[in-house]
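Colleague: Fold the following for me, if possible:
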Amino acid sequence: MKPIDIALALAVAVIWGVGFVLTRFAIDEMSATLMTTLRFGITALPCLFLPRPNLSWTLIAATGWLLVAQFLAQTYGMAYGVPPGLTAVIVQSQALFTVAFAALFLRELPTRLQVLGIAIAMCGLLMICFTVGYDFSVYAFALSMTAPVSFALSNLLLRRAQNVPMLSLFAWISLMALVPLVPFLLLVDGPSVTWHSLTHLSSGVVASVLALALLGTTLGYWIWGRLLQNYSAAQVVPFALLVPFFGAGASSIVFGETFGPLRLSGMIVVVLGIAVMLLSRRPPPLVEVA
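Modeller: Numbering: from 1, shown residues only. Model (predicted):
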């Protein structure tokens, strides 16, 4: 990967890592459904002046609904007690699903060095995971585990969106995400509760939602989509393994989370795994190998 693209991938990891802390802060004043709806509602606003990309409605809608599943799962999981640090670990396990799905559906064969790097990084994530308190239900954990699968499938759909403006694409994806989100919000929360929440938000929560929408979704996924257009999934998705690293650091600053030797060692192992993957060349398509 080019140095500028590596820097962009690292920037996305920072944005998404801090996003878990902002999410935890926001759902203290609003429901997970309302926060997710506001997030996609804000990112859909550019549809007012950006044309729809030359893609099928099916692809746009499917990507949007997968992102809805991802964000609802991870946000509800946090609302039901899954800590932000562990949520980041769970969500970024999408790297394994993405590489596996890419090999299965897109015929992309990861190199041995990339597989080694992923294995090293995942060992680091497990070390981090073992240091987080498990003060949540089995239901919350199972719900959170649907997020990485949805994330991985949306990664593959983004690979099919070639030669389209990413800003326009994600604006229209966000618009399609509102199709199931708005009825679900009115059904689960109800109009009166939703209105009361909207009219009693603090300025800090408003700022958090804006940051999640504009930075975490619009900017973050714009960069992520461009990277997936130019590189294989096995080259791009490993950078998401750094998200828990930055998320844990932000959580330490905001919530005073402390780190023991095991968690710190896990972070170092994650960085080592990313370094191994950067040494790997782009994997050849499976048909070429055959």
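
Colleague: who touches residue 101 in this structure?
Modeller: By Cβ atoms under 8 Å, 6 or more residues apart in numbering, the contact list for residue 101 reads 152, 153, 155, 156. (C-beta placed from N, C-alpha, C; glycine too.)

Colleague: May I ask which of the residues you listed has the most neighbours?
Modeller: Taking other Cβ atoms under 10 Å as the neighbour criterion, residue 155 ranks highest of the contacts of residue 101 with 25 neighbours.

Colleague: Not counting sequence-adjacent ones, nearest residue to it?
Modeller: Closest residue in space to residue 155, ignoring its immediate chain neighbours: residue 98 at 4.7 Å, by Cβ to Cβ, 6 or more residues apart in numbering.

Colleague: residues near that neighbour, how many?
Modeller: 27.

Colleague: residue contacts, it?
Modeller: By Cβ under 8 Å, 6+ apart, the contact set of residue 98 is 151, 152, 155, 156, 233, 237.

Colleague: Would it be right to say that it lies in a helix?
Modeller: Yes - counting by DSSP: H, G, I helix; E, B strand; the rest coil, residue 98 is part of a helix.

Colleague: lowest-confidence helix or strand of this protein?
Modeller: Of the helices and strands making up the chain, the lowest-confidence element is helix 286-289, at a mean of 34, by mean pLDDT, DSSP states H and E.

Colleague: Okay, and which of the contacts of residue 101 map to helices?
Modeller: 152, 153, 155, 156 (DSSP state H).

Colleague: Which of those sits closest to residue 56?
Modeller: Closest to residue 56 out of those is residue 156 (15.2 Å), distances taken as Cβ to Cβ.

Colleague: Would you check that that closest one makes contact with residue 102?
Modeller: Yes - between residue 156 and residue 102 there is a contact under Cβ atoms under 8 Å: 6.3 Å.

Colleague: Now do the helices in the stretch 101-250 of the chain.
Modeller: Along the stretch 101-250 of the chain, counting by DSSP state H, counting those that start in this stretch, helices occupy 112-129, 138-144, 146-159, 166-188, 191-198, 203-211, 220-230, 233-236, 243-255.

Colleague: Redo those as CSV? Include distance to residue 263.
Modeller: Below are these laid out as CSV (distance: least, Cβ to Cβ, whole Å):
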stretch, distance to residue 263
helix 112-129, 5
helix 138-144, 19
helix 146-159, 20
helix 166-188, 33
helix 191-198, 35
helix 203-211, 25
helix 220-230, 25
helix 233-236, 26
helix 243-255, 7
